[in-house]
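> Okay, here's the prediction I keep looking at, along with the sequence it came from:
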Amino acid sequence: MNVSLAQKLIKWSKSNYADLPWRRQRSLYTTLVSEIMLQQTTVSTVKPRFLSFIKKFPDISALACASEAEVLKAWEGLGYYSRARRLHFAAKKIDLMDGFPDTFEKLIEIKGIGKYTANAVLAIGMNKRALAIDANIERVLARYLGIYNYKGKCGEEIDKGFSSKKILDIDVNFRDLNESLMDLGRTYCKANKVNCIMCPLKENCLSLKENKELSTPQRLVKKKVIKEDLNILRVIYQRSNKYLFFKRPKGKWLQDQLELPSFIIANSKLKQYPLLKKFSVQELPHIESTITKYKIKNYILNTNSIKLDPKKSVWLSSDDFENHHLSSVTKKILNF
Ligand code: SF4
């Protein structure tokens, strides 16, 4: 790609997509937050959550000083909570440093910052020559350069070519270039649909010339995952105005999440919750949910007459719910 084509792409991006909140409120901190949020989540989902997150934690010190529960609460709606923990961990490390790390080597040393995020901070946050190869950039460059390979492999080839300066060895603003390639991947050059007529790169796009726009990156066909059925009893246990919750243990499924007392019902090899044998749930109402490979029927029991181990328990009034990180299924059960 030569400079004038890169500038044409950048001009197109700036005239259409400059108004994203993390582009308006640009700093190394907001770049770090937005780039971690945007991994695995769409721009439209991230927009409102980014604004409320930055309002609550306006800088790296504010985030570093927050408790994990506060961070997870502010992350609600974005899913993949391990990202929130990684971001929190990175903020705590950076806050103790003498300024924001400014090389790939220093950034990657921080647990919580991976290769993609390090390159995004360098390119988008600092405008250095770096390429944050996410799915969009991989797809656009694979098609533009005519690299026909599997998803992931195309990215590796692009990364090698970029590091050895065989590709994109041009004098442009790398912040703008990265963002415009991402914009193109979200709009005209999507995984299953292209709009090459509108594309600012159409004149030199190799896969378009060869009529193979949708042939790369190829997807590995995944085995269909058969969901396992799981029946769980969720107990709404109320005393005065307070509800009983338990915190999931560290290192276990859904760690640190507050949950209603929960039991696995009969004949299951699973050990996420205590097993409840010989308990009939036939008469109980239920709601369905899915998580990872499980299709769950959540049976709801309102009682305070069964014996529960009060160790590690947390009592919350309904006014407290919004200050804690509760899963969406727990909220649905409480509103049932
Ligand atoms: S011309 Fe088509 S295939 Fe090539 S980069 Fe543009 S949208 Fe993608």
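Ah, there it is. Numbers count the residues shown, from 1 in each chain.
> residue ranges of the helices in the stretch 51-200 of the chain, please?
Listed in chain order, the helices of the stretch 51-200 of the chain (DSSP state H, counting those that start in this stretch) span 60-65, 68-74, 82-95, 104-108, 115-120, 135-145, 153-163, 174-186.
> looking at the chain, which helix or strand is least sure?
strand 275-276 (a mean of 80; mean pLDDT, DSSP states H and E).
> what lines up beside that one in the sheet?
strand 262-265 (parallel) (DSSP bridges).
> Going by neighbour count, which residues in the strand it pairs with are buried?
Under the neighbour-count criterion of 16 or more other C-beta atoms under 10 Å, strand 262-265 has 262-265 buried. No exception for glycine: its C-beta is placed from N, CA and C like everyone else's.
> Dump it to CSV, restricted to CA.
Only the C-alpha atoms of strand 262-265 are listed here, as CSV (Å, rounded to 0.1, in the frame of the first residue of the first chain):
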residue,chain,number,x,y,z
SER,A,262,-27.4,-23.2,44.3
PHE,A,263,-27.5,-27.0,44.1
ILE,A,264,-27.0,-29.4,41.3
ILE,A,265,-30.0,-31.7,41.1
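> gap between that strand and the chain center?
Between the centre of strand 262-265 and the centre of its chain there are 29 Å (C-alpha atoms, centre = their mean, to the nearest Å).
> what does that strand contact?
Residues from elsewhere that reach strand 262-265 (C-beta atoms under 8 Å, 6 or more residues apart in numbering): 230-235, 246, 270-276, 279, 281, 299.
> and of the buried residues of strand 262-265, the nearest to residue 174?
Nearest to residue 174 among the buried residues of strand 262-265 is residue 262, at 48.8 Å by C-beta to C-beta.
> leaving aside the residues next to it on the chain, what's closest to the closest one?
Closest residue to residue 262 apart from its sequence neighbours, by C-beta to C-beta, 6 or more residues apart in numbering: residue 273 at 4.6 Å.
> Can you tell me how far the one you found is from residue 248?
For residue 273, the distance to residue 248 (C-beta to C-beta, to the nearest Å) stands at 10 Å.
> Show me which residues of the stretch 1-150 of the chain sit near the ligand.
140, 143-144 (C-beta under 6 Å from any ligand atom).
> Reformat those as TSV; add distance to residue 307.
Listed next are those as TSV, based on distance: C-beta to C-beta, whole Å:
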residue	distance to residue 307
140	60
143	62
144	65
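> quick one: the residue nearest to residue 262 is in a strand?
No: secondary structure of residue 273 (DSSP: H, G, I helix; E, B strand; the rest coil): coil, not part of a strand.
> give the contact list for it.
232, 262-264.
> Max pairwise distance over those residues: which two?
Maximum pairwise distance among the contacts of residue 273 (C-beta to C-beta): 7.8 Å, between 262 and 264.
> which residue packs closest to residue 141, ignoring adjacent ones?
residue 158 (5.1 Å).
> Might one say that that neighbour is in contact with residue 140?
No: counting by C-beta atoms under 8 Å, residue 158 stays clear of residue 140, with 9.8 Å between them.
> Tell me the confidence at residue 310?
Reading off the confidence values, residue 310 has pLDDT 66.
> Could you dump the contacts of residue 273 into CSV with distance to the ligand and pLDDT added?
Formatted as CSV, the contacts of residue 273 follow (distance: C-beta to the nearest ligand atom, whole Å; pLDDT from 0 to 100):
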residue, distance to the ligand, pLDDT
232, 45, 90
262, 47, 89
263, 52, 88
264, 48, 88
